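Colleague: Build the 3D model from these lines:
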Amino acid sequence: MTAERDALISGIGLVSCLGEGLEAHWSALNAPGGFSPVVETTRFAPYNVHPMAQLAFDQQIPKRGDQRQMESWQRIGVHAAGLALDSAGVKGNAELLGRMDMIVAAGGGERDYAADEAILRDLRQASDAAGVLNARLQSDLRPTLFLAQLSNLLAGNVSIVHGVVGSSRTFMGEEAAGADAVRIASARIAAGQGDLFLVGGSYNAERPDILLLFELGHRLWKRPFLPVWARQREGGGLIPGSVGCFLVIESRAHAARRGVAPLARIAAVATDRSRRRPGEATRNAERQLSAMLPHHSDTGTAVISCACGLNAATTEEAAFLSNLGLPVRGITTALGHPVEASFLAGLVLAATAVHRGRLFAPLEPSEAAMEAPLAQALVTSWGLWRGEALALVTKA
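Modeller: Numbering: from 1, shown residues only. The predicted structure is shown next:
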């Protein structure tokens, strides 16, 4: 049954190590002879990173001045946002962009490495470390208020470059930020509080400071590359990935008035968080799945998992998914783990597969093939620390 307030995905922009756009990703995921990962193993050795493909930023960010004032994570995100607007047929339409609401999931921005290094160098030689630190901070802080870019600069630059000037929200909170961005956009559409949303996020994994933060918690995978489920069986570990992902989500009635053919429908989305005591994340997932059963059919279902690869969370998620008896695809094998953009990327790949009516090929030997037509997909996201999310994507 359809309803005017259904949340439909009408535009998608995705960039990653696999390339730019849906065709590039679909081709890579279904490559003849099996999927071949794109992994950087030397530049950040002993750590693995899924690097961003070479992008022609001029196509979506035409002004070089705009490009220069953005760091990599912003350029990636603004580029992906432009692709989504193009895909939805709203790029350059001032009337639509003027009332398009935006919800962005973002991390803490990229750091000023030169300032960091200068401060640390001075502190090693200082007799009054506190005084030196205060003095350097007063002189080195940028207009963005601290030694990293502000999280809401991504939304600001999307607005400047692409003219999206409705309301804007930026969420922080790692994987849960992307999931809540989608949940709130869908809820606002259902409640009649908006008809047209741009939702997305971006992540630059090729950053020494990010790798340092993860490694301080002993979270990174330091051995030769393994797919996510194989990695989990060998003790687990995170392989970050650079990803930019934006979706245009709009009500069915609005899409019909525009005469556009949507890709898929977000039938349900739920988010929660637990302290991750044994079994807590599973209980959250079971509650979420139970609440979605009224929207769920018994045939043609697969799971798109955004499992991060860390041992405790991924082991528990793998056990939960095995009990469902459905074909599963762990997409971090292909994209790496892009944190805030993780759930968004899962939704994009789910929507693409559902729209095409078939699941893409297994990404590792433990994943089962699916020969039957695909009618819907469950998208899971269990964050590396907190945050459990589940969505159901169906045909539009």
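Colleague: helix or strand for Ile9, which one?
Modeller: strand 7-16 (DSSP states H and E).
Colleague: May I have the strands that pair with that strand, each with its orientation?
Modeller: strand 19-20 (antiparallel), strand 243-251 (antiparallel), strand 264-272 (antiparallel) (DSSP bridges).
Colleague: From the chain's centre, how far out is the first one? Work that out for me.
Modeller: Here strand 19-20 shows a centroid-to-chain-centroid distance of 15 Å under the convention CA atoms, centre = their mean, to the nearest Å.
Colleague: start at 59 instead
Modeller: Taking 59 as the first residue, the last one we looked at is strand 77-78.
Colleague: ok, Lys453 to Leu72 distance?
Modeller: 20 Å (CB to CB, to the nearest Å). C-beta: built from backbone N, CA, C; applies to glycine.
Colleague: quick one, which of these two is more surrounded?
Modeller: Taking neighbours as other CB atoms under 10 Å, Lys453 and Leu72 compare with Leu72 leading, 28 against 16.
Colleague: Per-residue pLDDT of that one, please?
Modeller: Note on Leu72: pLDDT of 98.
Colleague: May I have the residues that are in contact with it?
Modeller: Shown in contact with Leu72 (CB atoms under 8 Å, 6 or more residues apart in numbering): 78-80, 83, 138, 141, 301-303, 403, 406.
Colleague: Kindly present the strands paired with strand 65-74 as a markdown table, with separate columns for distance to Pro90, mean neighbour count and mean pLDDT.
Modeller: A markdown table is the format used below for the strands paired with strand 65-74 (distance: least, CB to CB, whole Å; neighbours: other CB atoms under 10 Å; pLDDT from 0 to 100):
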| stretch | distance to Pro90 | mean neighbour count | mean pLDDT |
| --- | --- | --- | --- |
| strand 77-78 | 16 | 20 | 98 |
| strand 301-309 | 25 | 31 | 98 |
| strand 322-330 | 26 | 22 | 98 |
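Colleague: Ok, which of those strands comes nearest Ala234?
Modeller: strand 322-330 (6.2 Å; CB to CB).
Colleague: related to what we said a few turns ago, how far away from the center of its chain is the strand holding Ile67?
Modeller: Strand 65-74 has its C-alpha centroid displaced from the chain centroid by 11 Å (CA atoms, centre = their mean).
Colleague: Equivalent analysis for stretch 78-90, please.
Modeller: 17 Å.
Colleague: Name the residues that touch it?
Modeller: 70-74, 76-77, 93-94, 96, 111, 113, 141, 145, 392, 406-407, 410, 414, 418-419, 421.
Colleague: Return the members of these classed as buried.
Modeller: For the contacts of stretch 78-90, a burial check counting by 16 or more other CB atoms under 10 Å picks out 70-74, 76-77, 93, 96, 113, 141, 145, 392, 406-407, 410, 418, 421.
Colleague: got the angle for the helix or strand encompassing Asp144 vs strand 65-74?
Modeller: Per DSSP H and E: Asp144 is located in helix 130-146. Following axes from the mean of the first three to the mean of the last three CA atoms, to 10 degrees, one obtains 130 degrees for the angle between helix 130-146 and strand 65-74.
Colleague: Does the most centrally placed residue in the chain belong to a helix, a strand or coil?
Modeller: A centroid search over the chain (CA atoms, centre = their mean) returns Ala399, at 1.6 Å, as the residue closest to the centre. When classified by DSSP: H, G, I helix; E, B strand; the rest coil, Ala399 comes out as helix.
Colleague: just Gly250 next, same as before
Modeller: Here Gly250 is recorded as coil under three-state DSSP.
Colleague: and what of Ala243?
Modeller: Classified using three-state DSSP, Ala243 is helix.
Colleague: Could you report the neighbour count for the nearest residue to it once chain neighbours are set aside?
Modeller: Spatially, and ignoring its direct neighbours in sequence, Ala243 is nearest to Phe255 (4.2 Å; CB to CB, 6 or more residues apart in numbering). Phe255 has 26 neighbours, counted by other CB under 10 Å.
Colleague: Enumerate the positions of the helix or strand encompassing Phe255 that are buried.
Modeller: Taking DSSP H and E as the definition, one finds Phe255 inside strand 254-261. By 16+ other CB under 10 Å, the buried positions in strand 254-261 come out as 254-261.
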